[in-house]
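Q: no sequence on this one, just coordinates:
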């Protein structure tokens, strides 16, 4: 499909805004089901860059936005999305040899070393040590025990476990933190979650979405969306689809930012 998205920065003040920074992500490839064939940006950004996680960004320094005026940037991408069903069975995950150690490290949002997170991870680990059974336990715990509630800002996993609520970003953070605390590499995904229809215009608060993925050596990276799992439990673990468009990977890395650059 061809996707166009428009980012507008408005100056609602009484004087001109000068040297305004803006960073916007391009859709990125995501194995096994998302390919990006082309991307364009208009106007031409000041620069583009790729971070260490493979996310690609356009950055602008807007010289001036007069009072009451807007700056608009339009992005277009040609993306291939495939529906898939990864046939994961208990005991079929393969032997992990440390190839994704970077995604076991605690972070601010996926604070897998926090005592609250560690204690819950111990409760949910499979007695047999089976990776997929542990992931299934984590996924179902979030679906059944964490209430979906959109929150201002973004909150770390330990806060969400303590308070029992969070939006899609927070539910993704909990999944990542619990998986990492159990020795399973995992990372957050930010992107778009929607049934995409031809020529439909959507606002960001409708399609902006967060979920996660975890690593199994025999399969690679596998998506898990506990938020959508609340209504379709068996369709949102190990089943990449054409309703999740990946923009960025990594907790706390969002697909647009009106402020300092991502790097």
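A: Yep, that arrived. Here the structure is a predicted model, which means the values were calculated and not measured. Residues are numbered from 1 along each chain as shown.
Q: Can you name the residues that contact residue 188?
A: Applying C-beta atoms under 8 Å, 6 or more residues apart in numbering, we find residue 188 in contact with 109-110, 169, 172-173, 176, 210-212, 249-253. Where C-beta positions appear, they are placed from N, C-alpha and C, glycine not excepted.
Q: if we take those, which one ends up nearest to residue 242?
A: Of all the contacts of residue 188, residue 242 sits closest to residue 211, with 14.5 Å by C-beta to C-beta.
Q: show me the contacts for the closest one.
A: 168, 171-172, 188-189, 191, 193, 223-228, 236, 244.
Q: same thing with residue 35?
A: Shown in contact with residue 35 (C-beta under 8 Å, 6+ apart): 29, 79-80.
Q: residues in contact with stretch 60-78?
A: 1-24, 26-27, 36-43, 45-46, 58.
Q: Among the residues you listed, which ones are in helices?
A: Per DSSP state H, helices hold no members of the contacts of stretch 60-78.
Q: middle-most residue in the protein, spatially?
A: residue 189 (1.7 Å; C-alpha atoms, centre = their mean).
Q: Which two of the contacts of residue 188 have the greatest separation?
A: Every pair of those checked by C-beta to C-beta; the farthest is 211 and 252, at 14.5 Å.
Q: what helix or strand is the residue nearest to the centre of the chain on?
A: Assigned by DSSP states H and E, residue 189 belongs to strand 186-193.
Q: Pull up the pairing partners for that strand, direction included.
A: strand 208-216 (antiparallel), strand 244-249 (antiparallel) (DSSP bridges).
Q: Let's see if you can find the most crowded of the contacts of residue 211.
A: In terms of neighbours by other C-beta atoms under 10 Å, the contacts of residue 211 top out with residue 172 at 31 neighbours.
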